[in-house]
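[1] model this:
(2 chains)
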Amino acid sequence: MSADDIEPGDAIHRGHPVIVDRYTKGARINHWITAASLVLLALSGLALFHPKLFFLTGLFGGGQTTRMIHPWIGVVLFFSFFGLFLRFWKANLWKREDGTWLARIRDVLTGHEERLPELGKYNAGQKFVFWSMSALILVLITSGVVIWDQYFYEFTTIEQKRVAVLVHAIAAVLAISVWIIHVYAAIWVRGTIRAMTRGSVTGGWAWRHHRKWLRELAAKLPNGRSKTTHAK
Amino acid sequence: MFPPIPNPTTKPQRPTFGAQDLIRRSASTITPPAQRQTEVAKLIDVSKCIGCKACQAACLEWNDLTEEVGVNVGVYDNPHDLTANTLTLMRFTEWVNPETDNLEWLIRKDGCMHCEDPGCLKACPAPGAIVQYSNGIVDFDHDKCIGCGYCVKGCPFNIPRISEVTHKAAKCTLCSDRVAVGQGPACAKACPTQAIVFGSKDEMKTHAEGRIADLKSRGYANAGLYDPPGVGGTHVMYVLHHADKPEIYAGLPNNPRISPIVEAWKGVTKYAGLAVIGFAAAFGFVHHLIAGPNRVSDADENAAERLADGRRWRS
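    Numbers count the residues shown, from 1 in each chain, chains lettered A, B, ... in the order given. Reported below is the predicted structural model:
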């Protein structure tokens, strides 16, 4: 039986240290396209959100081009994130141990992993990032289309556009905040970023943070001494 | 009769107001001038309008704009709506007065109202793209406009239009260029019945009082001035024969104000939003200072190796 949280490409390699493949090349490219568009969207969006940040339009070649390009980057983000969604949704389904993990959030923040339940590929925090981003991006693309006046002006009333622009701003603020949490967690938990650059983590990282996932992968290891080298 | 503005001199004149007279500038904080200029206003007496559209023609002429040839769908409104070229538009309404059973032909010249509290300016994200002069004129600076359409959402009167050609917002300027050299707006100049007059806001109010008294004496008991307080008053005002129900004049809003949604978007959301983002960043920073990095220990690595190897030894 294959567990929900084992994704295609996940594999464990014996050695010193043990290396665990976490993200395929496709997943990593998909992630970084999403990441780049999200950063560009945040910069161009914030430029139009607060007058103090209007200078950011300079990064995009002025106010007119910022206004023009922002929705198109949004389209890229939407489809790119949709790719991530298809890849990751199953491993992000809520599990019993996630409730326990959340209840012990104090131990999470103070780094007492030993007091936390064994977790699958993602912890409740990562699942929160995944599902809140999924929801927020859906809200952002929908409200964004409503205020994309160049192509969709005639399909909605001005009152609907007012609601959309407010919803868009609030959702964007939340998405940027979730993004900050996402990036911070990746920095704070050392050994995480290589999962999205090289595609693999060390066995110790997986043991410390996602032991259930590591056990599931270890259970699939063929017996014998045949696979001792690291697949790079 | 209101004394018409005399014909202009042929000599060059210095503008009487300019950048130094701004009391509001979009997406900017400015220090308004110590002294406000006399507030100007355009008064549109709907009861005197004959629907000739001379004002529309004069507006196109003065602003050097051309409207596309339209399609007749059986109404007099031409074009059918305000556009980036048509900055003022006669809107015709056939209204049956339920009290008299008379058909009344209501003709309202639509266009920017030059609000004292302009929703377009408050919504605008581009510094200086919308300005308000101390005489009350609200003007768009096309060079600074980014074409986002936020002004359309901010306006309580549905006035600004985004040009599909230039991707910039357009609306009536109250002929700020003409007013600056002592002339009235082109529409007022062209109006053959003095349904449109221009002067200081006080003069216009006084003139309106006379017109309203006249209308009341002719049986229009609800005649009145449209100078909506919800937007702080306007610098384009109407004399209406039925001021108690402005909406019969092609949907002129009764008690307009900047939408609370726009106020929330441009007010609390702007500050709370940056605060939330700042809090998230500060939380990460402080947490890292206190908790320090979460490192994988050698024991973790060893345990993982035992797990991977354990499988091998067990069989």
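[2] Which stretches in chain B count as helices?
    Taking DSSP state H, the helices of chain B run over residues B:54-62, B:119-123, B:150-154, B:176-179, B:186-190, B:201-217, B:260-266, B:268-291, B:298-314.
[3] To A:R194, which of those lies closest?
    Closest to A:R194 of the helices of chain B, according to CB to CB: helix B:298-314, at 14.2 Å. All C-beta atoms are positioned from the backbone trio N, CA, C, and that covers glycine.
[4] Can you report how many residues lie near B:G128?
    Here the count is done by other CB atoms under 10 Å in any protein chain shown, and B:G128 has 17 residues near it.
[5] wait, isn't it in contact with B:R24?
    No: contact criterion CB atoms under 8 Å: B:G128 and B:R24 do not qualify, at 10.5 Å.
[6] Where among the helices of chain B is average confidence lowest?
    Mean pLDDT across those is lowest at helix B:298-314; the value there is a mean of 82.
[7] anything in that one near chain A?
    Yes: residues of helix B:298-314 are located near chain A by CB under 8 Å from any CB of the partner chain, namely B:298, B:300-305, B:307-312.
[8] got a pLDDT number for the closest residue to chain B within chain A?
    Nearest residue of chain A to chain B: A:G203, at 2.8 Å (CB to the nearest CB). On the pLDDT scale, A:G203 is placed at 96.
[9] which residues touch it?
    Contact partners of A:G203, counting by CB atoms under 8 Å, 6 or more residues apart in numbering or on different chains, are A:12, A:17-20, A:214, B:300-301, B:304-305, B:307-308.
[10] which phi and psi does it have?
    Phi and psi for A:G203, reported as degrees, to the nearest 10, are phi -60, psi -40.
[11] Which residue comes closest to B:R257 once chain neighbours are left out?
    Distance criterion CB to CB, 6 or more residues apart in numbering or on different chains; nearest residue to B:R257, sequence neighbours excluded, is B:G230 at 3.5 Å.
[12] And A:I193, by the same measure?
    Nearest non-adjacent residue to A:I193, counting by CB to CB, 6+ apart: A:A186, 5.4 Å away.
[13] What is the burial count for that neighbour?
    A:A186 has 15 neighbours, counted by other CB under 10 Å.
[14] ok, now how distant is it from A:V129?
    As defined by CB to CB, to the nearest Å, A:A186 lies at a distance of 10 Å from A:V129.
[15] what does B:I130 give?
    39 Å.
[16] quick one: which of these two has more around it?
    Per other CB under 10 Å, whichever of B:I130 and A:V129 has more neighbours is B:I130, with 28 against 18.
[17] after the helix or strand encompassing the residue nearest to A:I193, next one along is what?
    Counting by DSSP states H and E, the element that carries A:A186 is helix A:158-188. For helix A:158-188, the succeeding helix or strand toward the C-terminus, using DSSP H and E, is helix A:194-197.
[18] how about that following helix, does it reach chain B?
    No: against chain B, helix A:194-197 shows no contacts by CB under 8 Å from any CB, the least distance being 11.2 Å.
[19] Off-centre distance for that helix?
    13 Å (CA atoms, centre = their mean, to the nearest Å).
[20] in that helix, what counts as buried?
    Buried residues in helix A:194-197, counted by 16 or more other CB atoms under 10 Å in any protein chain shown: A:195-196.
[21] Not counting that helix itself, show me its contacts.
    Applying CB under 8 Å, 6+ apart, the contact partners of helix A:194-197 are A:22-23, A:28, A:31-32, A:186, A:200-201.
[22] quick one: which of those residues is nearest B:K171?
    Nearest to B:K171, judged by CB to CB, of those is A:W32 at 43.6 Å.
[23] For burial, what's the neighbour tally of that closest one?
    13.
[24] Which residues outside the helix or strand hosting it are in contact with it?
    Element membership of A:W32 [criterion: DSSP H and E] is helix A:25-49. Contact partners of helix A:25-49, identified using CB under 8 Å, 6+ apart, comprise A:7, A:9, A:23, A:53-57, A:59-60, A:63, A:66-67, A:69-70, A:73-74, A:76-77, A:80-81, A:83-84, A:87, A:169, A:172, A:175-176, A:179, A:196-197, A:199, B:125, B:146, B:148, B:150, B:270, B:273.
[25] how much does it deviate in direction from helix A:158-188?
    Computed by axes from the mean of the first three to the mean of the last three CA atoms, to 10 degrees, the angle separating helix A:25-49 from helix A:158-188 equals 130 degrees.
[26] circling back to that earlier point, now list the buried members of the residues of helix B:298-314 next to chain A.
    Taking 16+ other CB under 10 Å as the criterion, what is buried in these is B:300-305, B:307-309, B:311-312.
[27] Need the max-distance pair from those residues.
    Largest separation among these by CB to CB: B:D300 and B:R312, giving 19.4 Å.
[28] Strands along the stretch 51-200 of chain B, start to end?
    For the stretch 51-200 of chain B, the strands defined by DSSP state E, counting those that start in this stretch cover B:88-96, B:103-111, B:130-133, B:138-140, B:161-162, B:169-170, B:196-200.
[29] Out of those, which is closest to B:A208?
    Nearest of the strands of the stretch 51-200 of chain B to B:A208, taken as CB to CB: strand B:196-200 at 9.4 Å.
[30] May I see the buried residues of the closest one?
    Across strand B:196-200, burial judged by 16+ other CB under 10 Å covers B:196-199.
[31] Looking at those residues, spot the one nearest chain A.
    Nearest to chain A among the buried residues of strand B:196-200 is B:I196, at 26.7 Å by CB to the nearest CB.
[32] what residues are up against the closest one?
    Residues near B:I196 by CB under 8 Å, 6+ apart: B:42-45, B:55, B:109, B:185, B:187-188.
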